[in-house]
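J.: The sequence isn't on hand, but the structure is:
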DNA sequence: TTATTTACATACAAGAATGTATGTAAAGTA
DNA sequence: TACTTTACATACATTCTTGTATGTAAATAA
């Protein structure tokens, strides 16, 4: 057998992850054998066991290719020192939705982790990671909204914690529903309007919607 | 072997479904063998194959015990002729959340269909059923909001279709997040406030929040 | 009462997946 | 150059699971 150089080995690793991604998407994680993945990548199971401890480890690596960049993105944007915390929160929400709407790999992996895997045993740690990422996201949002409230950018009746929970649930719900059935709704088109609609409602009556940058309004449905 | 009467057979069937529900929750659907389910119900696989064609059929029956009542509930409430369509929409959203928050079987089954099953092959029909139920729910909501708009209960800037999408995503997101980590948030407590916060934002500026029945506001977080 | 069907239990056949152990040729290293 | 390690491939043993076929005793029907 021709032994590969380090670069080629890394390429092999990525070929494995690519093959796994497609097969997980099509067959589900538990019905995809390592044999199938190896064959799809033009290898044998030996190669997979060299690069990964087992299927859970492989799954984790596949997830990381998509999740790590997003977590880093979230970590970089502290949003503490911005003079418009609401714009930061808005950017967070819209960035995620836009990224999902435009990146095919992100779409595949989201579909897999939403509908093609069972969170039991070793997979529970993936779920735990999801929970922690969510809590982190919620904290960022709540802090942003709290800052906004302090600057008088929110109506005094608004509870920042509740508003953060609501906004996060809205974005999460949009993601889930779009992943469930992408052709039912134009995520890239409506996402901005939906987030803005939610955020506008939090603003004090005086400022209205004028405080943010304009966004396209989606066309009214043609049904009666 | 003592052959059972019809009632006893139906009891057996329910025992199988109960056992499956608990095992699916604990082990995930694909890692739960029919042998395990049979043993947990004090039976053998023969009994399961008598009552169900295969695991997918059993899973479907388990889902139906929870989903059928909810679908019937949704079907009964047309909401067409109510003089307050907004109250109908509000009731829809809050009922689902309340039901989830109080019914343990609903909680288990939601957890299973959200995180313990892979939607591939035969399971795809379960997913399709989910999509159709969602579309139906969205239609009801949109019609309710459209009626509300006609009666001047909504601000003229509100797009009923978009608002329905948003409200549904909000409720869906709340469900998903609560199922993901029930102890992180008090669904029964905050659900009402979150739905009301969303719906209040849709009302014309004049009517404000006074148009609906009062609801408890959750306590402000104690953090700085 | 006899015959039939029901509601299961038991037995069988057969594949499929995993983990590990071992083989191997080339890349890297001293 | 000789040795070691890398990056895989191959082979093996074992365990699970499914579907079906068949057995059977009691309930039900005629």
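T.: In hand now; what should we look at? This is a predicted model, so every value here is computed, not measured.
J.: what's the distance between stretch A:151-167 and the middle of its chain?
T.: 23 Å (C-alpha atoms, centre = their mean, to the nearest Å).
J.: tally of neighbours for residue A:105?
T.: Here the number of neighbours of residue A:105 (other C-beta atoms under 10 Å in any protein chain shown) works out to 12. Bear in mind the C-beta positions are built from the backbone N, C-alpha and C, glycine included.
J.: Could you check how far it is from residue A:75?
T.: 21 Å (C-beta to C-beta, to the nearest Å).
J.: Next: residue A:83.
T.: 21 Å.
J.: Those residues of chain A touching DNA strand D, which are they?
T.: Where chain A comes near DNA strand D, counting by C-beta under 7 Å from any atom of the strand, the residues are A:1, A:3-4, A:6, A:8-9, A:12-13, A:38, A:43-47, A:49-51.
J.: Residue in chain A with the shortest distance to DNA strand D?
T.: For chain A and DNA strand D, the shortest gap (C-beta to the nearest atom of the strand) falls at residue A:46, measuring 2.0 Å.
J.: Excluding sequence neighbours, find me the nearest residue to that residue.
T.: Counting by C-beta to C-beta, 6 or more residues apart in numbering or on different chains, residue A:38 is the residue found nearest to residue A:46 once chain neighbours are left out, at 8.0 Å.
J.: what about whichever strand or helix holds that neighbour and DNA strand C, touching?
T.: In this structure, residue A:38 is located in helix A:34-40 according to DSSP states H and E. Yes - using C-beta under 7 Å from any atom of the strand, helix A:34-40 comes into contact with DNA strand C via A:34-36.
J.: Any stretches of chain A with poor pLDDT?
T.: Counting by pLDDT under 70, chain A shows low-confidence ranges at A:1-2, A:77-81, A:206-224.
J.: for the residue of chain A closest to DNA strand D, helix, strand, or coil?
T.: The three-state label for residue A:46, taken from DSSP: H, G, I helix; E, B strand; the rest coil, comes out as helix.
J.: can you count the residues close to it?
T.: 10.
J.: pull the longest helix from chain A.
T.: Ranked by residue count, the top helix of chain A under DSSP state H comes out as helix A:124-150.
J.: Just confirm yes or no for that helix near chain B.
T.: Yes - counting by C-beta under 8 Å from any C-beta of the partner chain, chain B is contacted by helix A:124-150 at A:127, A:130-131, A:134-135, A:142.
J.: Out of those, the closest to residue A:97 would be?
T.: residue A:134 (15.5 Å; C-beta to C-beta).
J.: Pull out the buried residues from stretch A:52-71.
T.: Neighbour-count burial for stretch A:52-71, with 16 or more other C-beta atoms under 10 Å in any protein chain shown as criterion, is recorded at A:52, A:55-56, A:58-63, A:66-67, A:70-71.
J.: Make TSV from these and add distance to residue B:183 and secondary structure to it.
T.: Below are these laid out as TSV (distance: C-beta to C-beta, whole Å; DSSP: H, G, I helix; E, B strand; the rest coil):
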residue	distance to residue B:183	secondary structure
A:52	33	coil
A:55	30	helix
A:56	25	helix
A:58	31	helix
A:59	26	helix
A:60	25	helix
A:61	30	helix
A:62	29	helix
A:63	24	helix
A:66	28	helix
A:67	23	helix
A:70	25	helix
A:71	23	helix
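J.: Could you look up the SS state of the residue positioned nearest the centre of chain A?
T.: Central residue of chain A (C-alpha atoms, centre = their mean): residue A:96, 5.8 Å from the mean position. Recorded secondary structure, residue A:96: helix (three-state DSSP).
J.: give the contact list for it.
T.: By C-beta atoms under 8 Å, 6 or more residues apart in numbering or on different chains, the residues touching residue A:96 are A:70, A:171, A:175.
J.: about what we covered before: please convert the buried members of the residues of helix A:124-150 next to chain B into PyMOL selection syntax.
T.: Buried subset of those, written as a PyMOL selection, criterion 16+ other C-beta under 10 Å:
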select buried, chain A and resi 127+130+134+142
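J.: Taking the residues of helix A:124-150 next to chain B, tell me the two that lie furthest apart.
T.: Maximum pairwise distance in the residues of helix A:124-150 next to chain B, criterion C-beta to C-beta, is 22.3 Å, between A:127 and A:142.
J.: and the stretch of helix or strand residue A:201 belongs to, which residues are buried?
T.: Using DSSP H and E, residue A:201 maps to helix A:187-202. Neighbour counts over helix A:187-202 (16+ other C-beta under 10 Å) mark A:187, A:190-202 as buried.
J.: Equivalent analysis for stretch A:13-33, please.
T.: For stretch A:13-33, by 16+ other C-beta under 10 Å, it's A:13, A:15-21, A:23-25, A:27-30, A:32.
J.: got a list of contacts for it?
T.: With contact meaning C-beta under 8 Å, 6+ apart, stretch A:13-33 is reached by A:36-38, A:40-43, A:47-48, A:51-52, A:55, A:58-59, A:61-62, A:65, A:105, A:108-109, A:111-112, A:116-118, B:28, B:30-31, B:118-121.
J.: From the buried residues of stretch A:13-33, which land in helices?
T.: Using DSSP H, the subset of these located in helices is A:13, A:15-21, A:23-25, A:27.
J.: Same list (the residues you listed) but as CSV, adding distance to residue A:182.
T.: Output for those, formatted as CSV (distance: C-beta to C-beta, whole Å):
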residue, distance to residue A:182
A:13, 29
A:15, 27
A:16, 27
A:17, 23
A:18, 21
A:19, 23
A:20, 22
A:21, 17
A:23, 20
A:24, 18
A:25, 13
A:27, 20
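J.: for these, which one is nearest residue B:156?
T.: Nearest to residue B:156 among those, with distances taken as C-beta to C-beta, is residue A:25, at 43.8 Å.
J.: ok, now which ones touch the closest residue to residue A:146 other than its chain neighbours?
T.: Nearest non-adjacent residue to residue A:146, counting by C-beta to C-beta, 6+ apart: residue A:160, 4.6 Å away. Counting by C-beta under 8 Å, 6+ apart, residue A:160 makes contact with A:142, A:145-146, A:148-149, A:154, B:221.
J.: Show the buried residues in the residues you listed.
T.: Buried, going by 16+ other C-beta under 10 Å: A:142, A:145-146, A:148-149, A:154, out of the contacts of residue A:160.
J.: and residue A:118, how many neighbours?
T.: 21.
J.: Look at it and tell me its secondary structure.
T.: Strictly by three-state DSSP, residue A:118 counts as coil.
J.: contacting residues for it?
T.: Counted by C-beta under 8 Å, 6+ apart, residue A:118 has contacts A:29-30, B:28-31, B:115-118.
J.: let's go with 10 Å and repeat that
T.: Contacts for residue A:118 were tallied using C-beta atoms under 10 Å, 6 or more residues apart in numbering or on different chains; they are A:28-30, B:24, B:27-32, B:112, B:115-118.
J.: Sweet, I'm off.
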